[in-house]
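Participant: coordinates only, sequence not included:
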């Protein structure tokens, strides 16, 4: 398929995992891509995998830095003359999962700053360019952790619940301009952020248990999330907005209590 020929897509968190897979899928389907990540090495690895004919901008970026966001969006619009798609994928987990009574304010501010405020800032600066042309698609990466507890720590889960709500409110704000805003909610997927989980499981011969609480009895691949993201960004989803789509192997389809799955 070549659903994105002559379209321009910004992808944050493009240096690894779901962001990298999405950038590659968009480029393979004809998009010009603007790639952002705070890992320059990760960005260069992604760029090295793009089809050779891909028009590309890659920039190191902390999405919680509004000046940096503004500069990236301006550069993208000046070079390509339009922005059709925004993929808000940049995110951090915080790593540890202490109970709320042991949470640190600094951890909450950092995680909310990247995961939620960063997504808001990208929408704030990209959407006006879409409004001028009265078209656009925005896809945010939320998480099953934003739907129910047990998939992440307190600040991470709260940030992803916020991304789901931001998706809904932004969809309401922008729908009159023919701009669609949706989210995907990944379950367990092997990415740079989840690497410690996978490393631990493999080191302790427990890899076979990863994803065992999902209805499909396995963990997901970044390419599977990229397929869902690109669907929501494409005209195939032209009448879908304000939705948060779990892409989780059925993880949120049941109560999913320990011991329920065989």
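Facilitator: That came through fine. Quick caveat, the model's predicted, so the values are computed rather than measured.

Participant: need the helix or strand of this protein with the lowest average pLDDT.
Facilitator: In the chain, the helix or strand scored least confidently by mean pLDDT, DSSP states H and E is helix 195-203, which has a mean of 63.

Participant: any idea how many residues pack against residue 208?
Facilitator: 10 (other CB atoms under 10 Å). Quick note: C-beta positions are derived from backbone N, CA and C, even for glycine.

Participant: check the gap between it and residue 219 for me.
Facilitator: Distance from residue 208 to residue 219, counting by CB to CB, to the nearest Å: 11 Å.

Participant: what's near enough to touch residue 227?
Facilitator: By CB atoms under 8 Å, 6 or more residues apart in numbering, the residues touching residue 227 are residue 25.

Participant: please identify the helix or strand for it.
Facilitator: Element membership for residue 227, per DSSP states H and E: helix 222-233.

Participant: now swap in residue 64 and tell me
Facilitator: Applying DSSP H and E as the criterion places residue 64 outside every helix and strand.

Participant: in space, what's closest to it - neighbours in sequence excluded?
Facilitator: residue 113 (3.9 Å; CB to CB, 6 or more residues apart in numbering).

Participant: I'd say that neighbour and residue 66 touch.
Facilitator: No: using CB atoms under 8 Å, residue 113 is not in contact with residue 66, being 10.7 Å away.

Participant: check the offset of the strand ranked longest in the chain from the chain's centre.
Facilitator: If you go by DSSP state E, the chain has its longest strand at strand 179-186. Here the centre of strand 179-186 is set off from its chain's centre by 9 Å, with CA atoms, centre = their mean, to the nearest Å.

Participant: now do that strand: which elements does it pack against?
Facilitator: With contacts taken as 3 or more CB pairs under 8 Å, 6 or more residues apart in numbering; DSSP states H and E, strand 179-186 sits against helix 118-133, strand 136-141, helix 154-174, helix 222-233, strand 244-247.

Participant: just confirm the residue nearest to residue 64 is within a helix.
Facilitator: Yes: counting by DSSP: H, G, I helix; E, B strand; the rest coil, residue 113 is found in a helix.

Participant: in CSV, list the helices and strands packed on strand 179-186 along with mean pLDDT and distance to residue 50.
Facilitator: Below are those laid out as CSV (pLDDT from 0 to 100; distance: least, CB to CB, whole Å):
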stretch, mean pLDDT, distance to residue 50
helix 118-133, 98, 21
strand 136-141, 99, 19
helix 154-174, 98, 27
helix 222-233, 98, 14
strand 244-247, 98, 23
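
Participant: can you put these in TSV and add distance to residue 214?
Facilitator: Converted to TSV, the helices and strands packed on strand 179-186 look like this (distance: least, CB to CB, whole Å):
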stretch	distance to residue 214
helix 118-133	26
strand 136-141	18
helix 154-174	18
helix 222-233	12
strand 244-247	11
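
Participant: for the ones you listed, which one sits closest to residue 20?
Facilitator: helix 222-233 (6.9 Å; CB to CB).

Participant: off-centre distance for that closest one?
Facilitator: Centroid displacement of helix 222-233 relative to its chain, using CA atoms, centre = their mean, is 10 Å.

Participant: list the buried ones in that helix?
Facilitator: Going by neighbour count (16 or more other CB atoms under 10 Å), the buried part of helix 222-233 is 222, 224, 225, 226, 228, 229, 230, 231, 232, 233.

Participant: now the angle between strand 136-141 and it, please.
Facilitator: 150 degrees (axes from the mean of the first three to the mean of the last three CA atoms, to 10 degrees).

Participant: rewinding a little: burial-wise, tell me which of the helices and strands packed on strand 179-186 comes out on top.
Facilitator: For these, the largest average neighbour count (mean count of other CB atoms under 10 Å) is found in strand 136-141, namely a mean of 26.
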